[in-house]
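S.K.: give me a model of this one.
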Amino acid sequence: MTDTDRRTFVTGAALAAGAVAAPAAAMQGGAKAATTPAAAAYSKPPFPVQRQPWPGLASKMTPRPDHGETSYKGSGKLAGKKALITGGDSGIGRAAAIAYAREGADVAINYLPAEEPDAREVIALIRAEGRRAVAIPGDLRDEGFCRKLVEQAATQLGGLDILVNNAARQQTRPGIADISAQDFDDTMKTNVYAPFWLTKAAVARMGAGAVIVNTSSEQAGDPSPDIVDYALTRAAVLNFTKSMAKQLASRGIRVNAVAPGPFWTPLQVSGGATPDKQRSFGQSSPMGRPGQPAEIAALYVAAADPSLSYSTGQIFGSTGGNGQPA
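M.R.: As a prediction, the model looks like this:
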């Protein structure tokens, strides 16, 4: 059996074991049923072409993304944890925030001031679960703000157990000549510098049992030609995840990453995709559609779940059948 075959077998066995265990667990003690998003009803391309100014709002998208507002059911996996999620107002970050709150965590979200309408909805959803919710708007391209963000989140939450580096900038450009120095700088600072600054500030406050979860992308291993700067940042995040997992293991701090494929979020309608790509978004995946944020939220829970205490430096993929990133 080759190494690749062995990894495939082990992964498949683990998933199969989980599938068998879940129904049994649900039958004991009246536990809530597993989350079951209505995947069959999710929209498929073609999508209406729509444009929003960066960074975009989920509340103005057609169709509106599903973040698990009505489908995600928690079971206490993160009870008592304190989490900071960047980009927590919409898209994947919003789905993670909802899931974390329903798993028993108090949650602080960061977002840009222009995203306030979406952020208010998330704060209300967190509070509806009886959890503490903290809204901290600001620009992650500023190192000083990143330090203050961690400090403010830890102070208002009463500690910091989980950092989710999720916020990202993606702008499509047909060629390298079309990527300005400012474009490149903005993407690098949002997608690479900010996770570095935030992680540096967070580990100074974290103890054993804490977890850092980074958002990467399938673009790390299979980059598209029109988002060169974005794709290279996703590869950098994978490397950062693996190296920091090794560095922090002796302190009992785990570091994992989630690598999404094509997901229906404001990134796509605020400059992240051309009109043609937007119209057919997700069509090339084996599932023939983009993922909805609700369909990946549980991976962010798994990446931070204290019961998976031996899992660090791991990449959790969700690509609709396109394979694992490098």
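
S.K.: can you pull the contacts of Pro223?
M.R.: Residues near Pro223 by CB atoms under 8 Å, 6 or more residues apart in numbering: Ala231, Leu232, Ala235. Where C-beta positions appear, they are placed from N, C-alpha and C, glycine not excepted.

S.K.: check contacts around the closest residue to Val134 other than its chain neighbours.
M.R.: In space, and not counting its chain neighbours, Val134 is closest to Ala108: 3.8 Å by CB to CB, 6 or more residues apart in numbering. By CB under 8 Å, 6+ apart, the contact set of Ala108 is 82-85, 88, 133-136, 152-153, 156-157.

S.K.: strands of the stretch 51-200 of the chain, start to end?
M.R.: Assigned by DSSP state E, counting those that start in this stretch, the strands in the stretch 51-200 of the chain fall at 82-86, 106-111, 133-137, 162-165.

S.K.: show me what the shortest one is packed up against.
M.R.: Right, strand 162-165. With contacts defined as 3 or more CB pairs under 8 Å, 6 or more residues apart in numbering; DSSP states H and E, the packing partners of strand 162-165 are strand 82-86, helix 91-102, helix 194-203, strand 211-215, helix 297-304.

S.K.: hmm, 6 Å instead?
M.R.: Strand 162-165 is packed against strand 82-86, helix 194-203, strand 211-215, with contacts defined by 3 or more CB pairs under 6 Å, 6 or more residues apart in numbering; DSSP states H and E.

S.K.: which residues of this protein fall in helices?
M.R.: Per DSSP state H, the chain carries helices over the ranges 3-27, 91-102, 116-128, 143-157, 181-188, 194-203, 228-248, 266-267, 275-279, 297-304.

S.K.: most packed of the ones you listed?
M.R.: Using mean count of other CB atoms under 10 Å, the stretch among the helices of the chain with the greatest mean number of neighbours is helix 91-102 (a mean of 29).

S.K.: thought Gln324 was touching Gln314?
M.R.: No: at 11.0 Å, Gln324 does not count as touching Gln314 under the criterion of CB atoms under 6 Å.

S.K.: and the two? Which one has more around it.
M.R.: Gln314 (18 against 14; other CB atoms under 10 Å).

S.K.: residues contacting the residue lying closest to the more buried one once chain neighbours are set aside?
M.R.: Distances taken as CB to CB, 6+ apart put Asn256 closest to Gln314, at 4.8 Å, once the chain neighbours are dropped. Contacts were defined as CB atoms under 6 Å, 6 or more residues apart in numbering; by that measure Asn256 touches Val213, Ala303, Gln314.

S.K.: tell me which residues form a beta bridge with the residue nearest to Val134?
M.R.: Bridge pairing for Ala108 (DSSP bridges) gives the partners Leu84, Val134.

S.K.: from Leu160, how far off is it?
M.R.: 9 Å (CB to CB, to the nearest Å).

S.K.: also Thr199?
M.R.: Here the criterion is CB to CB. By it, Thr199 lies 12 Å from Leu160.

S.K.: repeat for Lys82
M.R.: 5 Å.

S.K.: and Gln52, by the same measure?
M.R.: Using CB to CB, Gln52 is found at 32 Å from Leu160.

S.K.: what does Glu295 give?
M.R.: As judged by CB to CB, Glu295 and Leu160 stand 27 Å apart.

S.K.: also Ala39?
M.R.: Plainly put, Ala39 is 34 Å away from Leu160 if you go by CB to CB.

S.K.: go on, Lys60?
M.R.: 32 Å.

S.K.: from Phe184, how far out is Ala177?
M.R.: Per CB to CB, Ala177 is found 12 Å from Phe184.

S.K.: same question for Glu115.
M.R.: Going from Glu115 to Phe184 by CB to CB gives 23 Å.

S.K.: equivalent analysis for Leu308, please.
M.R.: Distance from Leu308 to Phe184, by CB to CB: 36 Å.

S.K.: again, but for Thr172
M.R.: 14 Å.

S.K.: which one's more surrounded, Gln52 and Leu160?
M.R.: Between Gln52 and Leu160, counted using other CB under 10 Å, Leu160 has the larger neighbour count: 24 against 16.

S.K.: so that one sits against Ala154, correct?
M.R.: Yes: the pair Leu160 / Ala154 is scored as a contact, 4.2 Å apart, by CB under 6 Å.
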